[in-house]
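[1] starting from these lines, generate the structure:
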Amino acid sequence: MKAMTEAMTEAPGGTDRDLKGQVAVVTGANSGVGKSAAQLLARAGADVTMVCRSRARGEPALADVRQAGGAEVRLELADLALQADVRALADRLVTRFPAIDILVNNAGVWLHRREVTPEGFETTFATNHLGHFLLTHRLLAPLVAGRGRIVNVSSEAHRNGDLRRAPLEAIVRGDAWKGGFQAYGDTKLSNALFTFESERCWGARGITANAVHPGVLRTQIWRKNRSALGLLLHAAKGLMAKPEVGGRAVMRLVADPARDEVTGRYFKVESEVAATAQAYDEDLARELWDRSLEWTGVA
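    Below is the predicted model of the structure:
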């Protein structure tokens with residue numbers, strides 16, 4: 001809990017790297033870290049695709065990001081909790097882009113009660129892990145072509161995660177539900193495990209993958225969480241750092257020349273730190289990867 005509530009008040013150092021000619025895809029780009037990252041990428045000249053669940057929220061964000069510049073900024077609609085949406089999104093992106101340079105897996109939810117998607121997965125896990133796992137795999141060919149840099153937005157809440165507390169199937173289906181904070185922590189741990197296994201599986205193909213805790217920020221993730229902790233954090237958002245802190249942390253990982261070859265690491269805003277011990281459990285990472293292949297139907 002201490003790690004979760006420790007405020008980050010200063011933005012990390014930036015970079016003036018020119019990203020003209022590079023293609024970036026950012027999920028959860030209608031607000032918070034995702035929107036901030038999209039703005040910074042556009043300002044650096046990248047072609048940016050903003051993935052949002054809602055047109056009502058996505059179009060105003062699109063207008064804001066377009067003001068930052070960029071070769072082109074466009075909106076794609078998809079609910080990361082729904083695998084049919086993710087597959088359709090990936091198909092559109094693969095058709096449009098033969099190479100993708102930057103993928104920011106940022107979309108996330110934190111729910112106060114158990115919900116299950118029509119496909120039978122607990123919604124927090126479906127959105128925060130499975131959706132991004134599926135999207136990344138479906139975009140693998142253009143990512144390899146672009147020597148892609150993947151940033152998975154994790155959280156210090158991953159230290160509360162425990163994927164050994166019950167069978168993975170029970171956790172992913174919501175049968176082992178222990179509250180929203182546990183579910184969120186489990187998915188953020190999954191983001192770290194996915195990051196490290198991505199480096200092991202794809203590093204030789206020129207792809208880098210890193211995970212980042214963007215800071216404790218004033219974002220919309222607290223908005224619908226009616227748990228005691230969610231209400232407390234929503235009430236305390238005035239004490240939290242601005243989303244730009246997280247956006248700049250993401251930007252450092254994709255645009256800082258000093259980090260071009262950095263991969264398989266966990267960052268707390270701009271500083272590389274050790275993740276929790278379970279994040280380095282290679283057997284668990286492989287099990288999560290293999291089961292996620294099954295759950296998402298990736299060939």
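
[2] for the closest residue to residue 206 other than its chain neighbours, give me its contacts.
    Counting by CB to CB, 6 or more residues apart in numbering, the nearest residue to residue 206 once its immediate chain neighbours are dropped is residue 147, at 4.1 Å. To be clear about C-beta, it is placed using only N, CA and C from the backbone, and glycine gets the same treatment. Each residue near residue 147 by CB atoms under 8 Å, 6 or more residues apart in numbering is listed here: 101, 206, 207.

[3] contacting residues around the last one?
    This points to residue 207. Contact criterion CB under 8 Å, 6+ apart gives 143, 144, 147, 148, 149, 150, 198, 263 as the residues in contact with residue 207.

[4] quick one: neighbours of residue 271, just the number.
    Residues within reach of residue 271, counting by other CB atoms under 10 Å, total 9.

[5] what's the closest of the contacts of residue 147 to residue 267?
    The shortest approach to residue 267 among the contacts of residue 147 belongs to residue 207, at 17.3 Å (CB to CB).

[6] quick one: pLDDT of the closest one?
    Per-residue confidence for residue 207 comes out at a pLDDT of 98.

[7] same question for residue 71.
    Looking at residue 71, its pLDDT stands at 80.

[8] test my guess that it contacts residue 18.
    No - counting by CB atoms under 8 Å, residue 71 sits too far from residue 18 to count as a contact (11.3 Å).

[9] so what's residue 89 up against?
    Listed by CB under 8 Å, 6+ apart, the contact partners of residue 89 are 51, 76, 78, 135.

[10] so where do the helices sit in the protein?
    In chain order, the chain shows helices spanning 2-5, 32-43, 55-66, 83-96, 123-125, 131-138, 140-145, 168-173, 180-202, 228-235, 243-255, 282-296, with DSSP state H as the criterion.

[11] turn these into TSV, including distance to residue 270 and mean pLDDT.
    Rendered in TSV, the data for the helices of the chain read as follows (distance: least, CB to CB, whole Å; pLDDT from 0 to 100):
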stretch	distance to residue 270	mean pLDDT
helix 2-5	16	42
helix 32-43	14	96
helix 55-66	22	97
helix 83-96	29	99
helix 123-125	27	99
helix 131-138	22	99
helix 140-145	24	99
helix 168-173	31	99
helix 180-202	17	98
helix 228-235	23	50
helix 243-255	6	93
helix 282-296	25	99
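
[12] please name whichever of those helices is nearest to residue 216.
    Checking those against residue 216 by CB to CB gives helix 2-5 as the closest, at 6.4 Å.

[13] with respect to burial, which of the helices of the chain scores highest?
    helix 32-43 (a mean of 28; mean count of other CB atoms under 10 Å).

[14] tell me what angle it forms with helix 55-66.
    Orientation of helix 32-43 against helix 55-66 (axes from the mean of the first three to the mean of the last three CA atoms, to 10 degrees) gives an angle of 40 degrees.

[15] what distance separates helix 32-43 from the centre of its chain?
    Taking CA atoms, centre = their mean, to the nearest Å, one finds the center of helix 32-43 at 13 Å from the center of the full chain.

[16] what helices and strands are in contact with it?
    Applying 3 or more CB pairs under 8 Å, 6 or more residues apart in numbering; DSSP states H and E, one finds that helix 32-43 makes contact with strand 23-27, strand 47-52, helix 55-66, strand 102-105, helix 243-255.

[17] ok, of the contacts of residue 207, which one's closest to residue 162?
    Here the nearest of the contacts of residue 207 to residue 162, counting by CB to CB, is residue 198; it sits at 21.4 Å.
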